[in-house]
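Novice: Okay, sequence plus prediction incoming.
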Amino acid sequence: MANKNLNAAKTAKKDEFYTQMGDIERELQHYWPHFRDKVVLCNCDDPYESNFFKYFALNFNQLGLKKLICTCFDGSPVQGLELQLPFEWEPEVDELAKAAEPAALYGGQRKSAYKVEISEVKDMNGDGAVDLSDVQYLLKNDKNAISLLKQHGDFRSQECIELLKEADIVVTNPPFSLFREYVGQLMKYEKKFIIVGNQGAIIYKEIFPCVINNKIWLGYGFKGGAAHFVSPYQDTATATDHREGMIRVSGVHWFTNLEIPKRNEELDLVCRYSPEDYPTFDNYNAINVSRTQDIPRDYSGIMGVPITFLDKYNPNQFEIIWQASGNTRASAPTSVLQRLGYVPHPDDRGGCGVINGKRQYSRILIRNKHPQRP
Ligand SMILES: C[S@@+](CC[C@H](N)C(=O)[O-])C[C@H]1O[C@@H](n2cnc3c(N)ncnc32)[C@H](O)[C@@H]1O
C-alpha cells in the first residue's frame, strides 16, 4: 500500500529509518564532481549507525573532500545498539553530559549527542590499506575528531546551525516528520544538498515554490520508487517483498539542488493532441494528461500531468506553472490562478482538476516550451 509505512511514521513522529549503503552509492555516483574540496555535513546521522557517514569516510580521499562533519541526535532510540566501536572515552562524555542541557527537558531517555569531524583519512593503523578501520582508529585515538554536543544534536539547534554554516553540501536522510522544517533551514542558509524525502512532499506549499523556481529538483531515485530502510519498526504495509529487520517505504525519492546530467535529459514525446484523448478540466483552462509519457508533443497550452512528471522534469523543455491539488486555492497567487483560468468548482476540494464533474488526482500544471507545430 503506497506510503502506508511512511504516513504512519510521520504521524507517530517515528523517524528511525536507516538508509542502505547500496542506495546511497547508487545515487551519489552521479554527484562526485561536486564534492572536491568541499565540507560535507550529515546532520541527522549517528556515525556508528549511518551509512552516509561510512560512505563519505570511506570515499574521503577519492572524492577529494576537505572535511566531513557528522552530528548525532540524542533522541534516537536505537543509538548505541549497533556500536561498532566501544565508547572508550565514556567517563569523560558522562562528565560533559552532566553539563549539557537537562535531558528531562526533552522527555528523558536521551543519549549522548555528539559530532565527528574528519579532515583526513589515511592509513592510521598501519595495515597497508585505507578503510573504515582507519576511521575507527581515528575516532578511538583522536580526541579532536569526536566531541560531545551541548544541545542534543537537533539540526535546528544553534550549535548545529553553526556547523551548517560551515558546510558546503548537506547529505542525509532527515527525519520524515520534520521534512518541511529541514528543507526550510537548508533554503534559509542557501546550502547545497542531497537528501531523502517522501516524493509527496514536493507539492507541500512550503516546498513546491522552490520546485517552480528551480531551487529543488529530484535526483535519480530509488529502484522502483521504493526503498528498504533498516528500521526498528514493524513493516505494516507489505506482505510481499518483506526483508527481515527492514521496512519498505514506497514513494521516497532523493531531493537535491546540485546539477546532475539527468536534469538536462529531454523527455521523448510521441503522442499528438486530440480533444477526445485530452479533455479540458471544468475548472482550469488546461487539458488533463493521465500519464507523463502521453504528454502531447504538439500542445502549446497548459497541461495537468501526474506528480511523477517531476522525476522527468527538464526546465529547458517545460515550464511548471502551479499544481492543481488540495493546496492550490490556499497557495496560488491570484495572478497564477488567473493565468490558469481557474474557476472554483464545488467538488474540487481546494483546487484539484475536475472533468465532467469528477475530481481528478493532484496534477502538476505545466507548459511545453517548444511544442511541435500541429
Ligand atoms: C530517517 S532517519 C535517517 C538516519 C540516517 N540519516 C540514515 O539515513 O541512515 C532520521 C534520523 O534523524 C534523527 N532525528 C530525529 N529528529 C532529529 C532532529 N530534530 N535533529 C537531528 N536528527 C534528528 C533520528 O533519530 C533518525 O536517526
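Specialist: All right, it came through fine.

Novice: and Val130, what pLDDT?
Specialist: At Val130, the model reports a pLDDT of 86.

Novice: next one: Lys143
Specialist: Looking at Lys143, its pLDDT reads 73.

Novice: From Leu68, how far off is it?
Specialist: Per C-beta to C-beta, to the nearest Å, Lys143 is found 17 Å from Leu68. In short, each C-beta sits where N, CA and C put it, glycine included.

Novice: Identify the residues contacting stretch 54-61?
Specialist: Residues from elsewhere that reach stretch 54-61 (C-beta atoms under 8 Å, 6 or more residues apart in numbering): 21, 24-25, 28, 40, 42, 47, 63, 65, 68, 118, 120-121, 130-132, 135, 171.

Novice: now those: which count as buried?
Specialist: Among these, those buried by neighbour count (16 or more other C-beta atoms under 10 Å) are 24, 28, 40, 42, 47, 63, 65, 68, 118, 121, 130, 135, 171.

Novice: list the helices and strands the helix or strand encompassing the third one packs on?
Specialist: Under DSSP states H and E, the secondary-structure element containing Val40 is strand 39-42. Contacting strand 39-42 under the criterion 3 or more C-beta pairs under 8 Å, 6 or more residues apart in numbering; DSSP states H and E are the following elements: helix 51-58, strand 67-72, helix 158-166, strand 169-172.

Novice: Tell me the secondary structure at the residue lying closest to Val211 once chain neighbours are set aside.
Specialist: Excluding its sequence neighbours, the residue lying closest to Val211 (C-beta to C-beta, 6 or more residues apart in numbering) is Ile202, at 5.9 Å. At Ile202 the chain is in helix, as set by DSSP: H, G, I helix; E, B strand; the rest coil.

Novice: Tell me which helix or strand comes right after the lowest-mean-pLDDT helix or strand in the chain.
Specialist: Ranked by mean pLDDT, DSSP states H and E, the weakest helix or strand in the chain is helix 90-99, scoring a mean of 44. The element immediately downstream of helix 90-99 (helix or strand, assigned by DSSP H and E) is strand 114-118.

Novice: hmm, that following strand in reach of the ligand?
Specialist: No: if you take C-beta under 6 Å from any ligand atom as the test, strand 114-118 misses the ligand, and the best it gets is 11.5 Å.

Novice: For this protein, what lies in contact range of the ligand?
Specialist: With C-beta under 6 Å from any ligand atom as the criterion, the chain meets the ligand at residues 15-19, 44-45, 50-52, 73, 75-76, 153-155, 172-175, 178.

Novice: So which of the residues you listed belong to helices?
Specialist: Judged by DSSP state H, those include Asn51, Phe52 as members of helices.

Novice: Not counting sequence-adjacent ones, nearest residue to the residue minimising distance to the centre of the chain?
Specialist: Most central in the chain under C-alpha atoms, centre = their mean is Val196, positioned 2.7 Å from the mean C-alpha point. Spatial nearest neighbour of Val196, chain neighbours left out: Asn173 (3.8 Å); criterion: C-beta to C-beta, 6+ apart.

Novice: ok now do Glu117, which residues does it touch?
Specialist: Lys67, Leu68, Ile69, Cys70, Asn144, Ala145, Ile146, Ser147.

Novice: Share the number of residues neighbouring the last one, please.
Specialist: Other residues near Ser147 number 14, with proximity taken as other C-beta atoms under 10 Å.

Novice: my read: it touches Ser112, true?
Specialist: No: using C-beta atoms under 8 Å as the test, Ser147 is too far from Ser112 to be in contact (10.5 Å).

Novice: ok so, going back, my guess is the residue nearest to Val211 meets Ile212, correct?
Specialist: No: counting by C-beta under 8 Å, Ile202 does not reach Ile212; the two are 10.7 Å apart.

Novice: And the two? Which one has more around it.
Specialist: Set side by side, Ile202 and Ile212 show more neighbours around Ile202, with 22 against 16, by other C-beta under 10 Å.

Novice: returning to what we had before: which ones among the contacts of stretch 54-61 map onto helices?
Specialist: Checked against DSSP H, the contacts of stretch 54-61 include these in helices: Met21, Ile24, Glu25, Leu28, Leu63, Leu132, Val135.

Novice: Skipping its backbone neighbours, what lies nearest the third one in space?
Specialist: Okay, so that is Glu25. With C-beta to C-beta, 6+ apart as the criterion, Glu25 has its nearest non-adjacent residue at 6.9 Å, and that residue is Tyr55.

Novice: Show the pLDDT at the one you found.
Specialist: 95.
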